[in-house]
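Colleague: Sharing a sequence plus its predicted fold:
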Amino acid sequence: MDIFSFFQKRGIDTVNASFYRKIEEWKSWYNGNVRNFSWYKVYSGHGTYSRHKRKTLGMAKKLSEDIADLMLNERVGVSLADQMTNDFVHKVLEENHFLVIGNDYQERKAYTGTVAYIPYLDKTDVDTTGMIHSGRIRINYVSAGNIFPISWSNGVIHEVAFTFEKTVRRRKYIQVQFHTLQNGLYVIENMVLQNVAGSKDGIELTPQQWKQLKPFRYVEPRIETGSANPLFAIDRLNIVNNADDDETNPMGVAIFANAIDILKKLDIEYDSYANEYDLGRKRIFVAPELLKNSDGSPAFDPEDTVFYKLPEDYSGEDGEGKMIQEINMEIRADAHEKGINDDLNYLSLKCGFGTERYRFEKGSVKTATEVISVNSDLYRILKKHEIILEDALKQLIGIIINLGCVLNYPLDPETEITIDFDDSIIEDKQAERNTDRQDVAMGAMNLWEYRKKWYNETEEQARAAVSQPVEVIE
């Protein structure tokens, strides 16, 4: 099924299909199975070719893992000024396994460029007046290949279509969910298509038909949100998209999008390095008359790949050939390691990690474990990416609060939201904290300001904490 043909027939414009082919290319590097590269042919010398799987360092996967772990991990703190709202949000995030799946989608964001978080109400109890009495807040997670912007400006997506693929009794279905503005308010419309072989657009099901299928049982064809704010949060890497001729394209690019040539060179070098050990193993060439014992039985194990038969007329270059000749191939390990390490530095630099982040030693890639300097390239790129991530997380939390209000929870939609990213790996953090302590001691900094900065508290929480009377125990 061609989703772009489906959009075109309905007059829906989105990002060009060629960009989504780029996303598939980035995904193939992440998976280590790149078309026209991962498999190659070698001429055998007899008019035939043998097919080989190229060995890979898997650096696209490694880069994605590392940036994901640095941006969103278990030490990232989320706090809200209103305690009841704070508890409610944390409960919803825990129920949706956000720390685990959120980190997973940070990794997906790294190799596709863009992800989305879509909170929604599941299994709601609605009375005849339309009042919602109960329900649960769930979060759908979507990666770039299933995100299709419809309208955007200045890099911000205003209207969008998401696709969700499901398989029911070995039949494939696609749910298409539109988030569009109508009269200034967001409306969510759902369609379900059956993906039939030979059908370019698929077969569109009616609501009565799709509600018979378990994954779509609670999917409504149309939802009037009554909100001027979107019920989705788009998260992308803070890198200018130069993978599309359309400079306004609001989608992100993979962290290694501009380092594909280096990834290729690294895998070529690593494959050559591995072949050195395969082709460079010891060989012993034996004269034909020594291959059998006097009784005609084999003198050597026929399964042993060390021994090779010399030609019948072999006499050696000097005319006095040895009956048994040992060959030891020289393995160019040092030359390969230098080439790989040079390109690991280039790759790390191109992807914003600075140099010396990775090192190839004893056949595998090691990651630098030292703390990150506040003046380093990696520190600056992390802070750059956190700008968009912070906005996306605050938007996600804001949607969760609004859905909680729809479920009649007494929440505060205007409460202050604070995101505290993990800076424990940043060098000089303790020195900065000690300086702030001295400022508090000399009166240059308020104690509540110190608590807000270092205890991940809102201003209201910090002021309340420092104003509490000290309990005297007699």
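Modeller: Received it, and whenever you're ready, just let me know what you need.
Colleague: all helices of the stretch 201-350 of the chain, in order?
Modeller: 207-210, 260-279, 333-350 (DSSP state H, counting those that start in this stretch).
Colleague: Just tell me which of those ends up closest to Ala81.
Modeller: Comparison of the helices of the stretch 201-350 of the chain against Ala81 by CB to CB identifies helix 333-350 as nearest, at 39.8 Å. Glycine gets a C-beta too; all of them are placed from N, C-alpha and C.
Colleague: tell me the mean pLDDT over the closest one?
Modeller: Averaging pLDDT along helix 333-350 gives 91.
Colleague: Which other helices and strands does that helix contact?
Modeller: helix 59-71, helix 260-279, strand 358-361 (3 or more CB pairs under 8 Å, 6 or more residues apart in numbering; DSSP states H and E).
Colleague: and it, how far out from the chain's middle?
Modeller: Mean-position distance between helix 333-350 and its chain equals 24 Å (CA atoms, centre = their mean, to the nearest Å).
Colleague: Now Glu460. Nearest residue, chain neighbours left out?
Modeller: Take Glu460 and drop its neighbours on the chain: the residue closest to it by CB to CB, 6 or more residues apart in numbering is Ala81, 4.7 Å away.
Colleague: Now for the one you found: which residues touch it?
Modeller: Counting by CB atoms under 8 Å, 6 or more residues apart in numbering, Ala81 touches 412, 415-416, 418, 458-461.
Colleague: ok, now with 10 Å
Modeller: By CB atoms under 10 Å, 6 or more residues apart in numbering, the contact set of Ala81 is 412, 414-418, 457-462, 464.
Colleague: picking up where we left off before, minimum distance to His336: which of the helices and strands packed on helix 333-350 has it?
Modeller: Smallest distance to His336 across these (CB to CB): 4.0 Å, for helix 260-279.
Colleague: helices and strands around the closest one, which ones?
Modeller: With contacts taken as 3 or more CB pairs under 10 Å, 6 or more residues apart in numbering; DSSP states H and E, helix 260-279 sits against helix 17-31, strand 49-53, helix 59-71, helix 333-350, strand 358-361.
Colleague: Out of the helices and strands in this structure, which is least certain?
Modeller: Least confident helix or strand, the chain: strand 307-309 with a mean of 58, by mean pLDDT, DSSP states H and E.
Colleague: between the contacts of Ala81, which is closest to Leu231?
Modeller: Relative to Leu231, the closest of the contacts of Ala81 is Ile417; by CB to CB it sits at 17.0 Å.
Colleague: And for the closest one, the neighbour number?
Modeller: For Ile417, the count of nearby residues is 20 (other CB atoms under 10 Å).
Colleague: now it, nearest residue through space, not along the chain?
Modeller: Counting by CB to CB, 6+ apart, Lys394 is the residue found nearest to Ile417 once chain neighbours are left out, at 5.0 Å.
Colleague: Which residues are in contact with the one you found?
Modeller: By CB under 10 Å, 6+ apart, the neighbours of Lys394 are 78, 233, 417-419.
Colleague: and the two most separated of those?
Modeller: Comparing every pair within these by CB to CB identifies Ala233 and Thr418 as the most remote, at 17.0 Å.
Colleague: Now render the helices of the stretch 201-350 of the chain as TSV, adding mean neighbour count and distance to Glu390.
Modeller: Compiled in TSV, those are given as follows (neighbours: other CB atoms under 10 Å; distance: least, CB to CB, whole Å):
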stretch	mean neighbour count	distance to Glu390
helix 207-210	14	37
helix 260-279	17	29
helix 333-350	18	25
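Colleague: Show me the one of those helices that comes nearest Val406.
Modeller: helix 207-210 (22.0 Å).
Colleague: quick one, domains of this protein?
Modeller: According to automatic domain parsing, the chain comprises the domains 3-260+376-406, 261-367, 428-467.
Colleague: Tell me which of those is the most buried.
Modeller: Among those, domain 3-260+376-406 has the highest mean neighbour count (mean count of other CB atoms under 10 Å), at a mean of 17.
Colleague: per-residue confidence averaged over that one?
Modeller: For domain 3-260+376-406, mean pLDDT rounds to 91.
Colleague: chain center to that domain, what's the gap?
Modeller: Counting by CA atoms, centre = their mean, domain 3-260+376-406 is centred 11 Å from the centre of its parent chain.
Colleague: what's the burial count for Pro413?
Modeller: Neighbours around Pro413, by other CB under 10 Å: 11.
Colleague: phi, psi of the closest residue to it other than its chain neighbours?
Modeller: Spatial nearest neighbour of Pro413, chain neighbours left out: Ile401 (5.3 Å); criterion: CB to CB, 6+ apart. Backbone geometry at Ile401, expressed as degrees, to the nearest 10, gives phi -60, psi -40.
Colleague: quick one: contacts for Ile401?
Modeller: Counted by CB under 10 Å, 6+ apart, Ile401 has contacts 80, 82, 85, 88-89, 92, 119, 137, 409, 411-415, 417.
Colleague: that older thread, to Asn249, which of the helices and strands packed on helix 260-279 lies closest?
Modeller: Going by CB to CB, the one of the helices and strands packed on helix 260-279 nearest Asn249 is helix 17-31, 6.5 Å.
Colleague: helices or strands up against the closest one?
Modeller: helix 3-9, helix 59-71, helix 98-112, strand 147-153, helix 260-279.
Colleague: how about the third one as PDB, C-alpha atoms only?
Modeller: Once non-C-alpha atoms are left out, helix 98-112 reads as follows in PDB (Å, rounded to 0.1, in the frame of the first residue of the first chain):
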ATOM      1  CA  PHE A  98       7.800   6.400  30.100                       C
ATOM      2  CA  LEU A  99      11.300   6.100  31.400                       C
ATOM      3  CA  VAL A 100      11.900   2.800  29.600                       C
ATOM      4  CA  ILE A 101      10.000   3.500  26.300                       C
ATOM      5  CA  GLY A 102      10.900   7.200  26.400                       C
ATOM      6  CA  ASN A 103      14.600   6.300  26.300                       C
ATOM      7  CA  ASP A 104      13.900   3.700  23.600                       C
ATOM      8  CA  TYR A 105      12.300   6.500  21.500                       C
ATOM      9  CA  GLN A 106      15.200   8.800  22.100                       C
ATOM     10  CA  GLU A 107      17.300   6.200  20.400                       C
ATOM     11  CA  ARG A 108      14.700   6.000  17.600                       C
ATOM     12  CA  LYS A 109      14.900   9.800  17.400                       C
ATOM     13  CA  ALA A 110      18.600   9.600  17.000                       C
ATOM     14  CA  TYR A 111      18.500   7.300  13.900                       C
ATOM     15  CA  THR A 112      15.300   8.600  12.300                       C
END
